[in-house]
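Undergrad: compute the structure for the input listed below.
(one chain, ligands or ions: 1)
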Amino acid sequence: MASFRSTIPALIAVAIAGCAELKMAPVTEYPVSAQRVILISIDGARADALPHLPTVLALTQRGVWTDAMQTVLPALTLPAHLSMLSGRDVTEYGITQNHMDAGIAAVMRINGMTPMFAWARAGHMRSAAVAGMSLIPASQRAEAQSFFEVDTLLATDGDAPALAGAAIALLRADTSVQMMFIHFPDADFAGHSYGWIDGTSVHTPAYRAALSRVDGAIASIWNEIAASVDAGHTALIVTADHGGGHGVGCNTGEAPTFTHCSAHPGDHLVPFVLVARDAAPRRLGIEPTTTQVGPTVGALLGLPIPERTAPPIALR
Ligand SMILES: [Zn+2]
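TA: Numbering: from 1, shown residues only. Purely as a prediction, here's the structure:
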């Protein structure tokens, strides 16, 4: 879990003041394109959660996928999401804490790291994000929206079905949105409250229940967009920021099975599934990294992407 704290106004000022000219790499040929990309992050979904996400598992049959995507280290929500969305491993720049502050924004700007929503804005595409209040408290929504350069930001206090409902309503209300990020916090909540795994390394019932709830929410989103995916208009990516249950030495005050941060595969590896009409289904042979997710979204949309970002996932 992470939150934006009251330093956000200060960081916005720093961000604007320190905004160097962003160098964009030439747009490279990408074998698959889409007019709309939806990126779903299941907070706290371990790679071995995939068999317990039946909708997502079924999508692997028609997608490019892996159950061994490597997130950043430490495997924490904020560094992982910033890396996922910017295409850069922010931990290499000392961004290893789990709450937003002015320093993070400054470091990102100075080093040319921008969220994918900014790439969309530069390319005159509308973007949206739907997230839980845990990630973005209501009082800081405007500041977070400004920091991420996202056109529409919805933060709900409900669980996965409520978030999915909000996302679907937004898709229907604003068909001009071409980039959407949806964050489901349920599984991470369950892990921190009841443990990711028990003493015999089996997922806890609460964690499995949360996965099931999120999967049902993803099923409702899939039902909404399936025809558009089949038509080649929409592409869907489902992934996660980190796993959990092996947080030895994480210093969060929680038992290791109740937290995450480590290089153990239970914490460090997450699922990744990309479904697009022209992406030939296959299991990825090499372990891709979370930093490739944002650039993959950008490449699908044909957007210029800043220099020094990770390469998009190779689809052929
Ligand atoms: Zn997380």
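
Undergrad: who are the contact partners of residue 44?
TA: The contact partners of residue 44, by CB atoms under 8 Å, 6 or more residues apart in numbering, come to 185, 187-191, 196, 240-244, 260. The way it works is simple: take the backbone N, C-alpha and C, and place the C-beta from them, glycine included.

Undergrad: do residue 72 as well
TA: 79-80, 83, 89-91, 289-291.

Undergrad: ok, now residue 204?
TA: Residue 204 neighbours (CB under 8 Å, 6+ apart): 190-191, 194-198.

Undergrad: any idea how far residue 48 is from it?
TA: With distances taken as CB to CB, to the nearest Å, residue 204 is found 13 Å from residue 48.

Undergrad: anything in contact with each of the two?
TA: By CB under 8 Å, 6+ apart, no residue touches both residue 204 and residue 48.

Undergrad: got the buried residues for stretch 280-298?
TA: The neighbour-count check on stretch 280-298 (16 or more other CB atoms under 10 Å) flags 284, 288-298 as buried.

Undergrad: do that stretch and the ion meet?
TA: No: Stretch 280-298 is not in contact with the ion by CB under 5 Å from the ion; minimum separation 11.5 Å.

Undergrad: now do that stretch, average pLDDT.
TA: Per-region confidence: stretch 280-298 scores 95 on mean pLDDT.

Undergrad: all helices for the stretch 51-200 of the chain, in order.
TA: For the stretch 51-200 of the chain, the helices defined by DSSP state H, counting those that start in this stretch cover 54-60, 77-86, 102-110, 116-122, 141-148, 160-173, 186-194.

Undergrad: contacts for the first one next, please.
TA: Surrounding helix 54-60, the residues in contact under the criterion CB under 8 Å, 6+ apart are 50-51, 65, 215-216, 218-219, 222, 236, 238, 271, 273, 275, 281, 283.

Undergrad: just flag the most distant two among these.
TA: 216 and 283 (24.9 Å; CB to CB).

Undergrad: and the gap between the closest residue to the ion within the stretch 1-150 of the chain and residue 261?
TA: Nearest to the ion, among the residues of the stretch 1-150 of the chain, is residue 77, at 3.1 Å (CB to the ion). Per CB to CB, residue 77 is found 10 Å from residue 261.

Undergrad: okay, stretch 198-216 in CSV with CA atoms only?
TA: The C-alpha trace of stretch 198-216 is given here as CSV (Å, rounded to 0.1, in the frame of the first residue of the first chain):
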residue,chain,number,x,y,z
ASP,A,198,0.2,-19.6,5.5
GLY,A,199,2.9,-21.5,7.3
THR,A,200,2.9,-24.2,4.7
SER,A,201,3.5,-21.7,1.8
VAL,A,202,-0.1,-22.1,0.6
HIS,A,203,-2.1,-18.9,-0.3
THR,A,204,-4.4,-17.9,2.6
PRO,A,205,-8.2,-18.3,2.0
ALA,A,206,-8.5,-14.5,2.3
TYR,A,207,-5.9,-13.9,-0.4
ARG,A,208,-7.6,-16.4,-2.7
ALA,A,209,-11.0,-14.8,-2.0
ALA,A,210,-9.6,-11.4,-2.9
LEU,A,211,-8.1,-12.8,-6.1
SER,A,212,-11.5,-14.3,-7.0
ARG,A,213,-13.2,-10.9,-6.4
VAL,A,214,-10.7,-9.1,-8.6
ASP,A,215,-11.0,-11.8,-11.3
GLY,A,216,-14.7,-11.3,-11.3
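
Undergrad: so residue 276 sits right up against residue 231, yeah?
TA: No: using CB atoms under 8 Å, residue 276 makes no contact with residue 231, being 11.0 Å away.

Undergrad: quick one: which of those two has more around it?
TA: Taking other CB atoms under 10 Å, residue 276 and residue 231 do not tie; residue 276 has more neighbours (23 against 10).

Undergrad: list the residues that contact the more buried one.
TA: Counted by CB under 8 Å, 6+ apart, residue 276 has contacts 32, 34, 63, 229, 232, 235-236, 300.

Undergrad: thanks again, I'm all set now.
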